[in-house]
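> no letters, just coordinates:
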């Protein structure tokens with residue numbers, strides 16, 4: 001496993017949270033604390049151009065219809081890189097290979113995926129559903145929300161932007177589908193329901209990602225960065241992690257909410273980076289409420305403390 005594959009996180013219920021990206025011989029481990037210390041500042045949200053019109057709330061699609069409408073906009077991402085962690089099982093400076101998923105959001109060739117999918121990449125190749133391959137460059141990444149935007153230069157006919165919905169009104173029990181490349185099998189779809197909302201997962205830099213969507217739609221290694229789509233054909237989240245004792249799907253997956261994705265990707269596309277507020281406290285749950293578990297040295301919360 002690479003350096004990103006050895007993080008450990010909060011959901012220690014006899015299971016590890018693993019980021020659902022196939023990398024090398026195993027899964028990249030992504031870790032979650034109950035709460036972290038960073039939050040995403042609000043940004044003006046601009047829906048990418050040439051996005052297909054969202055279906056009305058009364059239009060309910062079957063998984064087959066969702067696949068027919070959306071699969072052409074989902075891509076397989078192959079990554080080559082070099083390990084930089086001296087403690088990596090692969091050894092310092094060794095070449096590694098990884099694979100994940102992503103989806104097109106505009107006709108400029110911008111593609112959303114997870115930060116941990118492209119982290120440390122020296123080469124990124126995108127494969128579309130029709131088999132077309134293209135090299136991609138990184139527009140921007142944000143480890144705090146585990147999101148990234150990469151860009152390809154291909155004919156506009158190859159680009160099929162997916163409709164972005166809203167995660168603010170998601171209901172527990174509603175139907176969803178995940179499309180991606182589990183175990184390197186591109187253009188695969190699984191379906192299930194929203195198991196819970198308002199979950200908190202941990203990003204690659206150990207910050208918390210609030211309002212994550214929990215789903216029982218099968219998510220495995222290689223699904224990272226792919227879309228979680230509701231029954232109206234709209235993307236409501238980016239698949240990122242699973243809770244598993246084996247590294248495989250146990251019916252507990254997590255997606256980053258699309259409202260967060262829209263804010264972050266807007267900043268990445270316009271400036272290449274994301275600004276975050278940082279208070280400097282780590283929160284823990286207690287008796288149905290929360291408490292300050294620790295204060296980060298040198299942070300705003302620590303300022304003035306003697």
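Here it is on my side, so go on. None of these values were measured; they are calculated from a predicted model.
> count of residues packed around residue 60?
14 (other CB atoms under 10 Å). Where C-beta positions appear, they are placed from N, C-alpha and C, glycine not excepted.
> look up the closest residue to it, ignoring the ones flanking it.
residue 231 (4.9 Å; CB to CB, 6 or more residues apart in numbering).
> that neighbour contacts residue 170, correct?
No. Taking CB atoms under 8 Å as the contact criterion, residue 231 and residue 170 are not neighbours in contact, 11.1 Å apart.
> which residue ranges of the stretch 101-250 of the chain form strands?
With strands called from DSSP state E, counting those that start in this stretch, the stretch 101-250 of the chain shows them at 110-113, 121-127, 133-142, 147-152, 175-180, 188-202, 208-215, 227-230, 235-244.
> comparing those strands, which comes out most buried?
strand 227-230 (a mean of 30; mean count of other CB atoms under 10 Å).
> who are the packing partners of that strand?
Contacting strand 227-230 under the criterion 3 or more CB pairs under 8 Å, 6 or more residues apart in numbering; DSSP states H and E are the following elements: helix 63-70, strand 175-180, strand 235-244.
> okay, now the sheet partners of the shortest one, with direction.
Think strand 175-180. Strand pairing for strand 175-180, using DSSP bridges, gives strand 188-202 (antiparallel), strand 227-230 (antiparallel).
> out of the ones you listed, the one nearest residue 244 is which?
strand 188-202 (13.4 Å; CB to CB).
> related to what we said a few turns ago, measure the residue nearest to residue 60 to residue 248 for me?
26 Å (CB to CB, to the nearest Å).
> likewise for residue 151?
Residue 151 is 32 Å from residue 248, by CB to CB.
> relative to residue 167, how far out is residue 275?
Counting by CB to CB, the gap from residue 275 to residue 167 is 21 Å.
> between the two, which one's more packed in?
residue 167 (25 against 11).
> for the longest helix seen in the chain, name the packing helices and strands.
Ordering each helix of the chain by length in residues (DSSP state H) puts helix 258-271 first. Packing partners of helix 258-271 (3+ CB pairs under 8 Å, 6+ apart): strand 38-40, strand 110-113, strand 133-142, strand 147-152, strand 208-215, strand 235-244.
> let's see that with 6 Å instead.
Contact analysis of helix 258-271 by 3 or more CB pairs under 6 Å, 6 or more residues apart in numbering; DSSP states H and E lists strand 133-142, strand 147-152, strand 235-244 as its packing neighbours.
> okay, buried residues for that helix please.
Neighbour-count burial for helix 258-271 flags 258-269 (criterion: 16 or more other CB atoms under 10 Å).
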